[in-house]
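**Student:** what shape does this take:
(2 chains)
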Amino acid sequence: AQKITQTQPGMFVQEKEAVTLDCTYDTSDQSYGLFWYKQPSSGEMIFLIYQGSYDEQNATEGRYSLNFQKARKSANLVISASQLGDSAMYFCAMREGFIKAAGNKLTFGGGTRVLVKP
Amino acid sequence: DGGITQSPKYLFRKEGQNVTLSCEQNLNHDAMYWYRQDPGQGLRLIYYSQIVNDFQKGDIAEGYSVSREKKESFPLTVTSAQKNPTAFYLCASSLISNQPQHFGDGTRLSIL
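**Tutor:** Numbering: from 1, shown residues only, chains lettered A, B, ... in the order given. The predicted model follows:
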């Protein structure tokens, strides 16, 4: 089974509108972390936001927020007030297990391509 | 400025040839990682290292080798045993903590 599933291969969003990118995950560990990265066409990976499995509040970073629903094993990214520069691939990733034992290695989903229209 | 430097940006390999991709970081991170990305897909872990002189296989280690002789450096060798090496290779580093991984700009490897 896929550990990280991103079901939306591509999305169009109007500039200044909000967009939600879906991410579901599969793990039996109690301790895990969820990350979202942005990859522009140039290829670099840019960290956006992090949510720990024990964090009770949803993470927020500027225009990015994470809708964390632990029982549903989902960690959707919400981008508010979309900008043209938000056009990119977006990847959800998961770190499983306690860090000291498992390290900080990540499993990535297949990504969602977002295109912001002016 | 602190960061991760990957070189070269583009690399071409002849059939049967080994090639080495460089990854250097000056962030004082303990852990380093190599990922492979095929077109339109996510990243897959090749190898990772949490400490000098130690490394572990990731999900797709066959046909690749690494070394970690210095904390700052984690070179990846794509051997002739890797039959489909054309891909985008990304190196990353992190603290052993909840902190996110920082990525280099990547190396695009193609077969001549």
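
**Student:** roughly how far does A:S41 sit from A:V114?
**Tutor:** Counting by C-beta to C-beta, to the nearest Å, the separation of A:S41 from A:V114 is 12 Å. For every residue, glycine as well, the C-beta is placed using N, CA and C.

**Student:** which one's more surrounded, the two?
**Tutor:** A:V114 (21 against 7; other C-beta atoms under 10 Å in any protein chain shown).

**Student:** doesn't that one belong to a helix?
**Tutor:** No: judged by DSSP: H, G, I helix; E, B strand; the rest coil, A:V114 forms no part of a helix; its state is strand.

**Student:** that one is in contact with A:S87, isn't it?
**Tutor:** Yes: assessed by C-beta atoms under 8 Å, A:V114 is found in contact with A:S87 at 6.1 Å.

**Student:** quick revisit: shared neighbours of A:S41 and A:V114, which are they?
**Tutor:** Jointly contacting A:S41 and A:V114 under the rule C-beta atoms under 8 Å, 6 or more residues apart in numbering or on different chains are A:A88.

**Student:** can you name the residues of chain B that neighbour chain A?
**Tutor:** B:31, B:33, B:35, B:40-45, B:48, B:50, B:56, B:58, B:88, B:90, B:92, B:94-106, B:108 (C-beta under 8 Å from any C-beta of the partner chain).

**Student:** let's go with 6 Å and repeat that
**Tutor:** Residues of chain B found near chain A (C-beta under 6 Å from any C-beta of the partner chain) are B:31, B:41-43, B:45, B:48, B:50, B:94, B:98, B:100, B:103, B:105-106.

**Student:** what residues are bridge-paired with the residue most central in space within chain B?
**Tutor:** The centroid of chain B falls nearest to B:W34 when counting by C-alpha atoms, centre = their mean (3.1 Å). Taking DSSP bridges as the rule, B:W34 bridges to B:Y47, B:C91.

**Student:** that one: what's it in contact with?
**Tutor:** Listed by C-beta atoms under 6 Å, 6 or more residues apart in numbering or on different chains, the contact set of B:W34 reads B:I46, B:Y47, B:L76, B:C91.

**Student:** let's see it at 8 Å
**Tutor:** Contacts of B:W34 (C-beta under 8 Å, 6+ apart): B:21, B:23, B:45-48, B:58, B:64, B:66, B:74, B:76, B:89-92.
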